[in-house]
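Student: This is a predicted model, with the sequence first.
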2 protein chains.
Amino acid sequence: MSTNQSAAPDVTRRSERSRRAIYEAALALVVEVGYPRTTIEGIASRAGVGKQTIYRWWPSKADVLLEAFLDMGEQAAQAAGQVPYTIPDTGDLAADLRLVLRATVDELRDPAFEAPSRALAAEGVVNEELGRRFVARLLEPQLQLYVDRLRAAQDTGDVRPEVDPRIALELFVSPLAQRWLQYTGPITYDYTDTLVDYALNGLAPR
Amino acid sequence: MSTNQSAAPDVTRRSERSRRAIYEAALALVVEVGYPRTTIEGIASRAGVGKQTIYRWWPSKADVLLEAFLDMGEQAAQAAGQVPYTIPDTGDLAADLRLVLRATVDELRDPAFEAPSRALAAEGVVNEELGRRFVARLLEPQLQLYVDRLRAAQDTGDVRPEVDPRIALELFVSPLAQRWLQYTGPITYDYTDTLVDYALNGLAPR
């Protein structure tokens, strides 16, 4: 982000207003016309700014959209009082995972989040370069929070020491993601609670 | 499928040739221009048939594409000698699941399968009606094979009796699906073997 912090306050405020208008325009356009037909010109026109204003701050429409998503996530986290965002560690791993997955269920069902997220995720399926950027900037940082929590659980003996946390988290995160991406089943708290139970305790009898 | 089995053999052969040309044209077009810009007219033109020929057999482009995918899957299964397709039951659940997930890894990496599957999956993310049809016709029948195998494992005491097989299968199927859909990590035999181990035995110590 390149607003000039040493500029006069009214210039900074104007820049901040433009930046927010650009994010909103980008998110709205990608929902309405899809990623391929979203253009810098279209975003500029809808945001009421010159396209040079956008090019001065971002090299491409992908960059505008990725920052718009990061900003949307930060706004939502601030509104929920969750900054900096981490997964709680109460000492009860199952309870902590259930809590954070229930919050993800709420987020996935939030209409403000859902439509632009689907538009970007759909493009990522057929556009590997965008898909990988989307993951690196938006998804992987969230997954790393699960890695941290599972590592802490390994330190306390609640997760087997030989388990790879980066794969282990997929046992409860990926089923929820697939149900959301592909409509393979309903998304409920009961469902994510069950995933945590199965992932921690396994399917085989003990 | 509505080829007329009582017609003279040359008519049936001609119909079969047209049907196959239509499937190939539909799969090629959805890769090249995406689902929204694939049209019955475009498929007819590329297949060298009149568009009325297509409308006589299928009510919409979605129906053509879904049957083209089902046909591609059947052709692949026949070529691999896997008809009717089931998950083996050798009595060793882990070995059976590892085998079938390794075969899925091969399929996901097959270029003939990958490009049209990505085009249809991407559209399904933003087009709920198509997404749900895609799942009901293509994906859910495959997932039910895992349900059958997990139920058999419950009968032999290899899976906890209280486990819901339709959710349980997602612990190893969905991580692979998400890595494929979102490029969240490499897709290898080692990876799917690890998923089977974690899903059956759980992440918590025994």
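Tutor: Good, I have the coordinates. These numbers come from a predicted model, not from an experiment.

Student: Okay, the most centrally placed residue in chain A and B:Gly48: tell me how far apart.
Tutor: Central residue of chain A (CA atoms, centre = their mean): A:Leu138, 4.8 Å from the mean position. Taking CB to CB, to the nearest Å as the measure, A:Leu138 falls 44 Å from B:Gly48. C-beta: built from backbone N, CA, C; applies to glycine.

Student: One more: A:Pro205?
Tutor: Applying CB to CB, the value for A:Pro205 to B:Gly48 is 59 Å.

Student: do A:Trp58 as well
Tutor: To B:Gly48, A:Trp58 is 46 Å away according to CB to CB.

Student: cool, A:Val100 as well?
Tutor: Distance from A:Val100 to B:Gly48, counting by CB to CB: 55 Å.

Student: So between those two, which is more surrounded?
Tutor: A:Val100 (21 against 12; other CB atoms under 10 Å in any protein chain shown).

Student: OK, contacts around that one?
Tutor: Applying CB atoms under 8 Å, 6 or more residues apart in numbering or on different chains, one finds that A:Val100 lies in contact with A:87-88.

Student: any idea of the pLDDT on it?
Tutor: Looking at A:Val100, its pLDDT reads 95.

Student: Not counting sequence-adjacent ones, nearest residue to the closest residue to chain B within chain A?
Tutor: Closest residue of chain A to chain B, CB to the nearest CB: A:Gly202 (2.7 Å). Among residues not flanking A:Gly202 along the chain, B:Gly202 sits closest, at 2.7 Å (CB to CB, 6 or more residues apart in numbering or on different chains).

Student: Am I right that that neighbour is in contact with A:Val196?
Tutor: No - using CB atoms under 8 Å, B:Gly202 and A:Val196 do not qualify as a contacting pair, with a distance of 10.9 Å.

Student: can I see the domain layout of chain A?
Tutor: A:1-61, A:86-201 (automatic domain parsing).

Student: re the thing from before, my guess is the residue of chain A closest to chain B meets B:Leu200, correct?
Tutor: Yes - A:Gly202 is within contact range of B:Leu200, at 5.7 Å (criterion: CB under 8 Å).

Student: What is the helix or strand harbouring A:Glu32 packed up against?
Tutor: Per DSSP states H and E: A:Glu32 is located in helix A:9-33. Here helix A:9-33 touches helix A:40-47, helix A:51-57, helix A:61-79, helix A:111-126, going by 3 or more CB pairs under 8 Å, 6 or more residues apart in numbering or on different chains; DSSP states H and E.

Student: Please repeat the previous calculation with a cut-off of 7 Å.
Tutor: The contact analysis (3 or more CB pairs under 7 Å, 6 or more residues apart in numbering or on different chains; DSSP states H and E) places helix A:9-33 against helix A:40-47, helix A:61-79, helix A:111-126.

Student: any chance of those in CSV, plus distance to A:Ile87?
Tutor: Formatted as CSV, those follow (distance: least, CB to CB, whole Å):
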stretch, distance to A:Ile87
helix A:40-47, 34
helix A:61-79, 13
helix A:111-126, 19
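
Student: Would you mind putting the ones you listed into JSON lines with mean pLDDT and mean neighbour count alongside?
Tutor: Formatted as JSON lines, the helices and strands packed on helix A:9-33 follow (pLDDT from 0 to 100; neighbours: other CB atoms under 10 Å in any protein chain shown):
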{"stretch": "helix A:40-47", "mean pLDDT": "97", "mean neighbour count": "18"}
{"stretch": "helix A:61-79", "mean pLDDT": "87", "mean neighbour count": "17"}
{"stretch": "helix A:111-126", "mean pLDDT": "89", "mean neighbour count": "19"}
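
Student: export these to JSON lines and tack on distance to chain B?
Tutor: As requested, the helices and strands packed on helix A:9-33 are exported to JSON lines (distance: least, CB to the nearest CB, whole Å):
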{"stretch": "helix A:40-47", "distance to chain B": "17"}
{"stretch": "helix A:61-79", "distance to chain B": "14"}
{"stretch": "helix A:111-126", "distance to chain B": "4"}
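
Student: out of those helices, which comes closest to B:Gly91?
Tutor: helix A:111-126 (37.7 Å; CB to CB).

Student: ok, residues contacting that closest one?
Tutor: Under the contact criterion CB atoms under 7 Å, 6 or more residues apart in numbering or on different chains, helix A:111-126 has outside partners A:27, A:30-31, A:34-35, A:65, A:69, A:72, A:107-108, A:130-131, A:134, A:181, B:118-119, B:121-122, B:125-126, B:181-182.
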